[in-house]
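> My questions are about this predicted structure, shown below with the sequence.
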Amino acid sequence: MIIYQANKRQFLRHALRDDIEDVVSRHFRHATGHGASPAEVRAWKHSLLEMAKVLGDDEIPEDAGVAIEYQLPQSSKRIDFLITGEDAGARSMVIIVELKQWSASRRSEKDAIVWARRGGATAEREGPHPSYQAWSYAAYLQDFNAAVQDGDMALQPCAYLHNHPRDGEIDHAHYQAHLARAPLFLARERARLQAFIREHVRHGDRKGALYAIENGRIRPSKLLIDSVAGLLQGKPEFVLIDDQKLVHETILAVDARADARKQVVIVQGGPGTGKSVVAINLLGTLIGRGRNARYVSKNAAPRAVYEARLAGAFTKTRISNLFSGSGAFVNDASDTYDTLIVDEAHRLNEKSGLYRNLGENQVKELIQASRCTIFFVDDDQRVTLLDIGHTEELRRQAQALGAEVTELALASQFRCNGSDGYLAWLDHTLGIRETANPTLDTSEYDFRVLDSPAELHDLIVRKNRASNRARVVAGYCWTWPSKRDPAAWDIEMEAFDYRRRWNLDKDGSLWIVTPGSVEQVGCIHTCQGLELDHVGVIIGPDLVYRDGQVVTDASQRASSDQSVKGLKQLRKSDPGRAQALADTIVKNTYRTLMTRGMKGCYVYCTDAPLAAYLRSRLRAESASQDTSPAAAVPAAAVEDTGSNVVPLRRVTREERVAGVPAAPVVELRFAAGSFSGVQSLDEHAIDWVALPDWIHPQPGLFVAQVVGESMNRRIPNGAWCLFRANPRGTRQGKVVVVQHRDISDPDTGGRYTVKVYRSEKVPEGEDGWRHERITLHPDSDQPGYVPIVIEVGDEGDGFVVVAELLTVIG
């Protein structure tokens, strides 16, 4: 998502004639549905005016692209400023600019870390060096945006600190490697930055790099389980972003002090903040430094998955020396290890052993056994009565053993499509805590409530075909008869003809990555600490909705579930505490299950009122309720069954009546003047097709064929394309379908055309503006095509932007 995009000429007009911060604020509210913080608005006011001065250089092309606040795919992080165009060899070039208003900073001994007053704070804080930030954002964008890779785009990061003098601190030789990858420009160095931009952007954004980035397909996200071998061999499989880098470098500095005094590090982080990514990165770095380090987790599942991925790259002995369960330190002498990295520390227990009769306290034993013990913890993921590894207990045991305690936090979201809003909504909706997110916009994160467990499981099976990264999980509310009788069904719902088995021992802890296991159902004990692309969650009768509240009933848990063992006894002695613990365990269980999916979460509720309540908390739900057999299948995996639209599958009328989502196929020449609404599209459809999995269904989408050579650099003659009717927001630089009485298109021969939209506006009134001239540009390698210029007083008088191009399908 790009908050603001324009060309250089338009940006300068907004910056120098208008209040640029107000312009960007309006775009921000339109894109996000809420206002920007006062600190953000102040930053825009000062930094964007400085960038306007930079771009005032006449040698920087007028039609270079400008983008402000581009949100990185599947992340909550945003790039401050982008400049796009072409270099001397006509290759698409994207300059990434990290903007800071700092006037002073101080060198840190840590790699890529600097002290500065950040975000308007009065006190200095450590954080990533701006050059590292810019480089890491470029590396992340390279990994995730297909348009960057497939479009042969070059990314050039840099940082501009327009108030900061060159003082030997921010530009110290300590940072040389990062300065080389992303040059740093400081106060009174505007001319240097201008020369840098001129060197890389010699021509305007003729290929539409900004548009390509904005609409580029998102590559499948990296999973830690697929990269663990490379990380332990010292390969930079994951780029650490912002607070991840700070935590990583701070822990290395703390570990260096551990020989002099015992150290304990507590790292707080919610789902998707990268706790395990940082943990495995640390393990690789520490063993590379010759430290006797181990990765520790109470849960066997992540250890087993990581170990399976290391087979062949490491010996079995080496693997066993790197990974341990949390109960393996009962008899270890003090300081046996240099460093213990404890992931999912909230799952630590008091006692160890099969019968929980060994040792005194796992937290205490881990701290005793190591010079430096690092705990990655999320207090909201306590899911059993036995879990004791909350932050307060970690502090208490560290202090009792005389350890120096360092507390850090991971906040940036890299799961759930990078949506902090989804996590806040989930907490609010489940009644875990009040937040400012009572409703969820499903265009930000693909959340759906389905009407049957069979539909849910079918959808997950289809999602899984793409990459074996989708699974169904459930609350532990069904017993496990298949443990003794393999032919028995564990989860049965006869009303839906749904029968499935738990996957609790067949694949062991490798359930989440075993291909055939998508047919079974997992639970909290086999997925905590791991991640998927899509997760389906069956919410059992232990979570219901009654009298306007989400209510828990731990008695509905299966008798074989050990997570609530002892609750009945506690109810007799302290019923209030017992109910509070039951609420915490049940709600945290579903919070954890519902945050396993990086791209989407789909739920079925056994309690109908709970399903209705969840639906009532969604916005744009109808646009995302894709539960059909025809949906969610990649185009390449579908056979053409008679549609003249290749390669999409035709959807029959019967399927559409049954609720299968589909997009209409229309003829542009016939329908260009008839796109007054979705109903008009339906009436003029000549066919219906299922869209590829990576396209999010929404009202107004349609498929049409574009004929002619006037746009052949973007749209081959005869290509089938996906459009959105009646587009909202800025049209600048986009490929649109336009109808006007003065058009006589050379390709279509009609009063409509498909071209790149550019407009010139003039102020009108105190805060308004109007179009003065609209130019529709061809984008062709064939001679003879010229822009169509429409002089307008306003957008009435027969001028209509019918639709915008989203992507070429085939």
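Yes, it's here.

> Low-confidence bits of the stretch 501-650 of the chain, can you list those?
Within the stretch 501-650 of the chain, the stretches falling below the threshold (pLDDT under 70) are 504-511, 528-529, 620-648.

> Now do the helices in it.
All helices of the stretch 501-650 of the chain, identified by DSSP state H, counting those that start in this stretch, fall at 524-527, 567-573, 575-593, 608-616.

> Quick check: which of the ones you listed is buried the most?
helix 524-527 (a mean of 22; mean count of other Cβ atoms under 10 Å). Placement of C-beta: from N, CA and C, glycine included.

> elements contacting that one?
helix 300-310, strand 470-474, helix 575-593 (3 or more Cβ pairs under 8 Å, 6 or more residues apart in numbering; DSSP states H and E).

> Relative to residue 618, which of these is closest?
With Cβ to Cβ as the measure, helix 575-593 is the member of the helices and strands packed on helix 524-527 nearest residue 618 (16.6 Å).

> got a list of contacts for whatever helix or strand residue 266 lives in?
In the assignment (DSSP states H and E), residue 266 maps to strand 263-269. Contacts with strand 263-269, where a contact means Cβ atoms under 8 Å, 6 or more residues apart in numbering, come from 247, 250-251, 254-255, 257, 275, 278, 367, 371-379, 391, 394-395, 398, 403-411.

> still on that earlier bit, nearest to residue 758, out of the helices and strands packed on helix 524-527?
strand 470-474 (42.2 Å).

> Direction included, what does that closest one pair up with?
Paired neighbours of strand 470-474 in the sheet (DSSP bridges): strand 521-522 (parallel), strand 532-539 (parallel).

> so which of those comes closest to residue 98?
The nearest among those, by Cβ to Cβ, is strand 532-539 at 29.8 Å.

> Now that closest one: buried residues?
532-539 (16 or more other Cβ atoms under 10 Å).

> ditto for stretch 285-297
Buried, per 16+ other Cβ under 10 Å, within stretch 285-297: 285-287, 291, 293-297.

> how long is it end to end?
Start-to-end span of stretch 285-297 (Cα to Cα, to the nearest Å) is 19 Å.

> And the contacts of that stretch?
232, 234, 248, 252, 255, 279-280, 282-283, 303, 306, 321-326, 328, 337-344, 347, 366, 529.

> switch the cut-off to 7 Å
232, 234, 252, 255, 279-280, 283, 303, 322-324, 326, 337-344, 366, 529 (Cβ atoms under 7 Å, 6 or more residues apart in numbering).

> coming back round to it: with distance to residue 270 added, can I get the helices and strands packed on helix 524-527 in TSV?
Listed next are the helices and strands packed on helix 524-527 as TSV, based on distance: least, Cβ to Cβ, whole Å:
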stretch	distance to residue 270
helix 300-310	17
strand 470-474	19
helix 575-593	9
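
> Which stretches in the stretch 551-700 of the chain count as strands?
With DSSP state E, counting those that start in this stretch as the criterion, the stretch 551-700 of the chain has strands at 597-605, 618-619, 663-665, 687-689.

> just so I know, which of those lies nearest residue 423?
Among the strands of the stretch 551-700 of the chain, strand 597-605 sits nearest to residue 423 (Cβ to Cβ), with 11.2 Å.

> ok, and what's touching the closest one?
Residues contacting strand 597-605 (Cβ under 7 Å, 6+ apart): 74, 221, 415-417, 446-450, 452-453, 456, 459, 531-539, 594, 611, 614.

> how about 8 Å then?
Identification of contacts with strand 597-605 by Cβ under 8 Å, 6+ apart yields 74, 221, 272, 415-417, 445-453, 455-456, 459-460, 463, 531-539, 543, 594-595, 611, 614.

> Distance of the nearest residue to residue 41 once chain neighbours are set aside relative to residue 554?
Leaving aside its sequence neighbours, residue 41 sits nearest to residue 21 (Cβ to Cβ, 6 or more residues apart in numbering; 5.1 Å). Using Cβ to Cβ, to the nearest Å, residue 21 is found at 51 Å from residue 554.

> quick one: contacts of the helix or strand containing the residue nearest to residue 41?
Following DSSP H and E, one finds residue 21 within helix 20-32. Helix 20-32 is contacted from outside by 1, 3-4, 14, 35-36, 40-42, 44-45, 48-49, 52, 68-69, 729-730, using Cβ under 8 Å, 6+ apart.

> at 10 Å instead, please
By Cβ atoms under 10 Å, 6 or more residues apart in numbering, the surrounding residues in contact with helix 20-32 are 1-6, 10-15, 19, 34-37, 40-49, 51-52, 68-69, 71, 421, 441, 444, 728-730, 767.

> And the residues you listed, which of them are buried?
Burial by neighbour count, 16+ other Cβ under 10 Å: within the contacts of helix 20-32 this picks out 2-6, 10-15, 36, 40-41, 43-44, 47-48, 51-52, 68-69, 71, 421, 441, 444, 730.
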